[in-house]
Structures are given as C-alpha cells and as structure tokens.
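Colleague: Only the shape, not the letters, is given here:
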C-alpha cells in the first residue's frame, strides 16, 4: 500500500497561507488599539480621554458647601433657579482653593436677561430701561432677593 | 567536522521566535498598564458608561434668550473663537400674514448672531408686525441612530453606551463627512485641531457627577438634564416629560433624538 503524500505544490500553498494568516494575526494584535471593542466598534479608551478634560464651572453644589447661607436666602426669592456661576462667572479655581479670589460680577448683568424683548416669554419680568427708574439696578433691587430693596 | 547549522540550534531559534510572538500581547498589556498608571491622572474613576442613559429636555417656552448657555459652553469646553458653537440659541420671528392672504402666518425669520452668546440685537421686525417670537436652544440631539456615526469612514465618531455621541480626536481625519451628515448642524471642524468637534454632553462633567455647563448655567430652567437609568422619584427630568407634551426635531429622519423639546412651533426645524 502506498503512503499518501501531500503533493509538494499543495504543501507550499498551505505553508504560504499559514504564513499570511500568521502575519495578519500578528499585525492585528500590534495595530488594533487595546481598548477597541470594549463598548462597540471604537476605541473604548477614547471615553476616558474625553472625560479627562478639566471642568471650568464648579456647579451650584460646590458653592453650597461654604455659601449655604446665601443659597438659602436665594431659594426664597425669584432668583432661586439661578446657578451662582450664571452671574458670578466660572469659579472652579476658587471652589478648589479658597485663596483664589473669585471673579467680580460685571455691572450690566441684569439687563442681559431683563431687558424687554418681544421674543422673550411674556411671563418673564422685563423692563424697558428708559421707562424704568434708573440704570443702577442695585440701587433698588438686591440681586439675591430681587423683590426687596437694600 | 562540526556544521554551523544543526538541529538543536534550529529548534532553539524557532522556540525563541515563537516565545517572542507569544510574549507580544503580554508586553502590550504591560505597556498599557504602565501608560495607564502614569497618564490617566485626570479622568474620573468609577464611571461606567453602561450604567447610565442620559437625556436632555429643552423647554422653548422658558428660554429667555440670554445666551448664557452658549457662552458657558464656549468657556467650559474651550471652543475656538469665531462661528463655532457646540450649543447655541436661535431666535424665531414669525410675522403676521398679509391682510386678505388667508394664511395663518407670514414669514419666518431665524437668526442666531454669534450663537446668541451675547444676547440678541433689537427685533428687526416692528413689534406690531410680529405674530409670534421665541427662542429655541439647540445642541447635539444625541441621536439613537446618529447619521454622523454612519458616515464616518474611520470609525472615529461613535455613540457611547450612555447615549453621548463622541469624537475620538486621535482617529478623526477631518474629512467633515459628519459635519455634512448631521441634520441638526451640531458639528463643525475645529480650526485648531482640524478634527470634527461637537457637544460631548460635557462628558468630563457628567462623569464627575456634575451637570453639563449649559444646564448648570441656564437661569430659566429651560434645560433639564438627567439619567434615565437612575431616575429619582422627584427627578426634574421625570417631572418634565410627565407634565409636558414633548417632541423631537425632525422626527421624519428616524434619528431618534434623545433631546426632547417642549413648546415648539411647527416652524422650528
């Protein structure tokens, strides 16, 4: 009985195929980012990279840790929906390190929201400056308790 | 006579090559671990994107057009100066119909000077000509089936399991296909990095338990943000969608936005 022998041309083809598949697999391990496919067809590590950006605004909760008294006052009046940083500006630096002086409140801030504009919703309190009493809002309104006078 | 090529030597070399190949993945894991140890300093720990599903609700009846959101977004995300906005506010002015025209309304004018960042100039239409006027805050609609992700040729943009549609800066080639594909105009090419940029839902903030900058800063509570997978009983998000009749932008495109609007006019696109 003759032993079966693989014809040499087939053997070469098989070896060549194995070599190509092997090279492909090695290249693939080297080139595909490790976290690829962690959540889907993309690099999972990208999520962490995007999340590593540093926040600029501290958030109302951070202010509340020290300035709960002001917050408490604010909550009783119309401006309760405002975040501190809406008027006082981004102050995360100050929230993290109390030695950093917080940014100053610019003067003309009230009109940004309260100047009369036909596009604003009707329920929202608006004034026409020239028909109002003056241009120094804080002479008559306390910013934290807008319906009260100083 | 000793030959230079013998079986033992050949086997040893073959073994070395095989060991090298097998060691590659191990070495890569080790390298990644070392890199991780030294570089991932700033990313918040313990955030699992599969444990959250974010939703943004916008109330157009509450928006006062102050533009603090657009300004805060620019500051928070260091968005390049110029006409590049991740969120912006549009002003809609719908005029009265011409007398005798048998129409419900006349023209619709839309503007958004500097994204509304510094407020809006005086109304270009005399007040008695205005039928309706209102502000509409806009941002990425966090599509369930995002067209921008479909068209990306390099897989650089993707929808994270928590619903945020993000861009992998390292893989983006800046072809701007996604900018064209987005039906909401929420994307742009950054003139600084020359890669696609968009609202990340302030990913660096929400992973730290903070609200997105625009939501944090909105003085009129026109923007509400929450996590559908971790809803509290008194969640403002739940209150919003239970007490409002909501709609999404361009529903006929089948993008499935995760940004719900209340109080929109049919003129809003």
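Modeller: Yep, it's here. Treat the numbers as computed from the prediction; the structure is a model and nothing was measured.

Colleague: In space, not sequence, find me the middle residue of chain A.
Modeller: residue A:55 (6.7 Å; CA atoms, centre = their mean).

Colleague: Helix or strand for that one, just tell me which one.
Modeller: In the assignment (DSSP states H and E), residue A:55 maps to no helix and no strand.

Colleague: and the helix or strand residue B:241 falls within, which residues are buried?
Modeller: Element membership of residue B:241, judged by DSSP H and E, is helix B:236-243. Using 16 or more other CB atoms under 10 Å in any protein chain shown as the test for burial, helix B:236-243 gives B:237, B:240, B:241. C-beta coordinates here come from the backbone N, C-alpha and C atoms, glycine included.

Colleague: circling back: show me the contacts for the residue nearest to the centre of chain A.
Modeller: Going by CB atoms under 8 Å, 6 or more residues apart in numbering or on different chains, residue A:55 touches A:92, B:76, B:202, B:204, B:205, B:208, B:210.

Colleague: Try it again at 6 Å.
Modeller: A:92, B:204, B:205 (CB atoms under 6 Å, 6 or more residues apart in numbering or on different chains).

Colleague: cool, residue B:91 as well?
Modeller: A:119, B:111, B:120, B:135.

Colleague: Restricted to strands, list those residues.
Modeller: Judged by DSSP state E, the contacts of residue B:91 include B:111, B:135 as members of strands.

Colleague: Between the contacts of residue B:91, which sits nearest residue A:79?
Modeller: Taking CB to CB as the measure, residue A:79 lies nearest residue B:135 of those, at 19.7 Å.

Colleague: per the record, what domains does chain A have?
Modeller: Structural domains assigned to chain A are A:8-51, A:60-140, following automatic domain parsing.

Colleague: For the chain, give the helix that spans the most residues.
Modeller: Let's take chain A. helix A:8-31 (DSSP state H).

Colleague: Please refer instead to chain B.
Modeller: Counting by DSSP H, the longest helix found in chain B is helix B:7-39.

Colleague: Please report how far the closest residue to residue A:80 other than its chain neighbours lies from residue B:222.
Modeller: Closest residue in space to residue A:80, ignoring its immediate chain neighbours: residue A:74 at 5.7 Å, by CB to CB, 6 or more residues apart in numbering or on different chains. Counting by CB to CB, to the nearest Å, the gap from residue A:74 to residue B:222 is 19 Å.

Colleague: coming back round to it: residues touching the longest helix of chain A, excluding its own?
Modeller: For helix A:8-31, using CB under 6 Å, 6+ apart, the contacting residues are residue B:25.

Colleague: And the helix or strand following it, what's buried?
Modeller: Sequence order places helix A:45-51 as the next helix or strand after helix A:8-31, per DSSP H and E. Neighbour-count burial for helix A:45-51 flags A:45, A:46, A:47, A:48, A:49, A:50, A:51 (criterion: 16+ other CB under 10 Å).

Colleague: Distance to residue B:105 added to these, as TSV?
Modeller: Formatted as TSV, those follow (distance: CB to CB, whole Å):
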residue	distance to residue B:105
A:45	51
A:46	46
A:47	45
A:48	49
A:49	47
A:50	42
A:51	45
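
Colleague: which among those are in contact with chain B?
Modeller: Among those, proximity to chain B is found for A:46, A:47, A:48, A:50, A:51 (CB under 6 Å from any CB of the partner chain).

Colleague: What is the most widely separated pair among those?
Modeller: A:46 and A:51 (9.5 Å).

Colleague: pretty sure residue B:261 is touching residue B:56, no?
Modeller: No. Using CB atoms under 6 Å, residue B:261 is not in contact with residue B:56; the gap is 9.7 Å.

Colleague: how about the buried residues of helix A:45-51 in a markdown table, adding pLDDT?
Modeller: As requested, the buried residues of helix A:45-51 are exported to a markdown table (pLDDT from 0 to 100):
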| residue | pLDDT |
| --- | --- |
| A:45 | 91 |
| A:46 | 93 |
| A:47 | 93 |
| A:48 | 92 |
| A:49 | 93 |
| A:50 | 94 |
| A:51 | 94 |
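
Colleague: contacting residues for residue B:97?
Modeller: Residues near residue B:97 by CB under 6 Å, 6+ apart: B:103, B:105, B:106.

Colleague: how about 10 Å then?
Modeller: B:103, B:104, B:105, B:106, B:107, B:131 (CB atoms under 10 Å, 6 or more residues apart in numbering or on different chains).
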